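> Sequence and predicted structure are below.
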Amino acid sequence: MRLLIAGGAGYVGSALIPHLLGRGYLVDVVDLFWFDNALPAETGLLNKDLFEVTVDDLKEYDQVIFLAGLSNDPMAEYSPHKNFVYNAAAPAYLAYIAKKAGIKRYIYASSCSVYGYTVNELYDETRPVSSSYPYGISKLQGEQAVTNLIDDKFSVIALRKGTISGYSPRMRLDLIVNTMFKCALRDSVITINNPAIWRPILAIEDAVSAYIRAIEAHEEISGIFNVASGNYTVGEIGDLVKSEIEEHFGSKVGLKIRHVQDVRNYKVSFEKAKNVLSFHPRHDVRSIVRHLIAHKDKFSDWDNPVYHNIQTFRALDANIGTPSVAKTTMESA
């Protein structure tokens, strides 16, 4: 099977692709390598702007996985107009072309951010979505566009992922557990902005598993699936990171609690993914921290802007103005 992964050199793709190659898949990537190239040498490259990809370009592929787009709220809020192009229009266009090319399956990297703000309710995929901020709205628009194309010959799977954390060869330190880990080691203090807010957390190893389960699902399966390792309050996440760091390093880590309003609050059920895709998460916050500890020598330059997507995005925007989609395509996890 040959796969094309848009945004495949990003945080998720760099962890996923070695596993796909190990399972015997042929993998090509569309990406501009903003954060360098940490992919295995066997990975192929399609050198095109996403909006210039044609039906002929895609005819040799069996599946397309869309991991591209602006990857978090700070980037979306910094440039809302680019956010809606890259997170809504780009996946819609690529899915449309993929279907015309006879692709069998399209997998879209959606987000639990589409749920917006909920209060003490466990949301499954049938519950209404209510995001009111650019990132969540754009991810929902992309999701709706690609799932509208589902038919008997074109399977679409949208994975509404929790906040991913853990080590990847294309490392990020702007994700909740990773950020707390960095602050615990660098400053010996973890800042918690709102301890009561709920977040579904997804270990990157479980994210890799979810994509493999989607790729290898029966050809008749389509739909939207929540995927997470577990639901936690932000306060609980801080406590778990603190405990694991202190146990491993024997050093004291402080907590700074701030009660700051947040527009995001949700916890999700991932029973559908378990029952339909056979997605069974194996990790939790403690194992994410242990994963980071095991690889910490590979990313200990804590303030390097390459580990913080918004810093790179701002720098690129300042240097090149309003670039084409391909020149601003980023991995979305």
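That came through fine.
> C-alpha only now, for contacts and for neighbours.
Noted.
> didn't K139 look like it was pressed against Y86?
No: using Cα atoms under 8 Å, K139 is not in contact with Y86, being 9.6 Å away.
> Which one of those two is surrounded by more residues?
K139 (30 against 25; other Cα atoms under 10 Å).
> ok but that one is inside a helix, no?
Yes: under DSSP: H, G, I helix; E, B strand; the rest coil, K139 sits within a helix.
> quick one, what contacts it?
For K139, the contact set (Cα atoms under 8 Å, 6 or more residues apart in numbering) comprises N87, A88, S110, S111, S113, V114.
> same question, K256
The contact partners of K256, by Cα under 8 Å, 6+ apart, come to V189, I190, T191, I192.
> Tell me the one of those residues nearest E125?
E125 lies nearest to I192 out of the contacts of K256, by Cα to Cα, at 28.7 Å.
> Can you tell me who the closest one pairs with across the strands?
Beta-bridge partners of I192, counted by DSSP bridges, are I257.
> try G223
The partner list for G223 in beta bridges (DSSP bridges) reads I157.
> looking at it, it is touching F154, isn't it?
No: counting by Cα under 8 Å, G223 does not reach F154; the two are 11.4 Å apart.
> okay, the two: which has more neighbours?
The neighbour comparison of G223 against F154 (other Cα under 10 Å) goes to F154, with 22 against 16.
> Could you report the separation of the more buried one from Q144?
15 Å (Cα to Cα, to the nearest Å).
> Next, count neighbours for the residue nearest to Y93 when sequence neighbours are not counted.
Closest residue to Y93 apart from its sequence neighbours, by Cα to Cα, 6 or more residues apart in numbering: F51 at 7.1 Å. F51 has 15 neighbours, counted by other Cα under 10 Å.
> Could you look up the SS state of F51?
With three-state DSSP as the criterion, F51 reads helix.
> Give me the pLDDT for it.
Note for F51: predicted pLDDT of 92.
> Can you report how many residues lie near F249?
Number of residues near F249 (other Cα under 10 Å) recorded here: 10.
> Helices of the stretch 201-333 of the chain, residue ranges please.
Remark: helices assigned in the stretch 201-333 of the chain by DSSP state H, counting those that start in this stretch are 204-215, 234-249, 271-272, 285-295, 309-320.
> Quickly compare those helices and say which is most buried.
Stretch with highest mean neighbour count among those: helix 204-215 (a mean of 22; mean count of other Cα atoms under 10 Å).
> phi, psi of Y61?
Y61 adopts backbone torsions of phi -100, psi 150, taken as degrees, to the nearest 10.
> going forward, begin numbering at 511 instead of 1
Taking 511 as the first residue, the last one we looked at is Y571.
> In space, what's closest to it - neighbours in sequence excluded?
Nearest residue to Y571 in three dimensions, chain neighbours excluded: R512, at 5.0 Å (Cα to Cα, 6+ apart).
> Contact partners for that neighbour?
Y535, L536, V537, D538, E570, Y571, D572, Q573.
> What about those, which one has the most neighbours?
Among these, Q573 has the most neighbours (other Cα under 10 Å), with 24 neighbours.
> Surely that one and K614 touch.
Yes: using Cα under 8 Å, Q573 makes contact with K614 at a distance of 5.9 Å.
> Any stretches of the stretch 661-810 of the chain with poor pLDDT?
Residue ranges of the stretch 661-810 of the chain with pLDDT under 70: none are present.
> try 80
773 (pLDDT under 80).
> what's the span of stretch 760-775, first residue to last?
Start-to-end, stretch 760-775 (Cα to Cα) is 33 Å.
> Hmm, I typed the wrong one, I wanted stretch 776-790.
Terminal residues of stretch 776-790 lie 20 Å apart, using Cα to Cα.
> List the buried residues for that stretch?
776-784, 786-787, 789-790 (16 or more other Cα atoms under 10 Å).
> Compile those into JSON lines and extend it with columns for distance to I707.
Below are those laid out as JSON lines (distance: Cα to Cα, whole Å):
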{"residue": "Y776", "distance to I707": "8"}
{"residue": "K777", "distance to I707": "9"}
{"residue": "V778", "distance to I707": "13"}
{"residue": "S779", "distance to I707": "16"}
{"residue": "F780", "distance to I707": "19"}
{"residue": "E781", "distance to I707": "22"}
{"residue": "K782", "distance to I707": "24"}
{"residue": "A783", "distance to I707": "24"}
{"residue": "K784", "distance to I707": "25"}
{"residue": "V786", "distance to I707": "29"}
{"residue": "L787", "distance to I707": "29"}
{"residue": "F789", "distance to I707": "26"}
{"residue": "H790", "distance to I707": "25"}
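> Filter those down to the ones in strands?
Among the buried residues of stretch 776-790, the ones falling in strands (DSSP state E) are Y776, K777, V778.
> quick check, nearest of those to N557?
V778 (37.4 Å).
> Could you find the closest non-adjacent residue to the closest one?
Y633 (4.6 Å).
> List the residues that contact the one you found.
Y776, K777, V778, S779.
> give me the beta-bridge partners of the residue nearest to Y571?
L536.
> Got phi/psi on the nearest residue to G554 once chain neighbours are set aside?
Leaving aside its sequence neighbours, G554 sits nearest to D538 (Cα to Cα, 6+ apart; 4.1 Å). In terms of degrees, to the nearest 10, the main-chain angles of D538 are phi -120, psi 150.
> Good, we can wrap up now.
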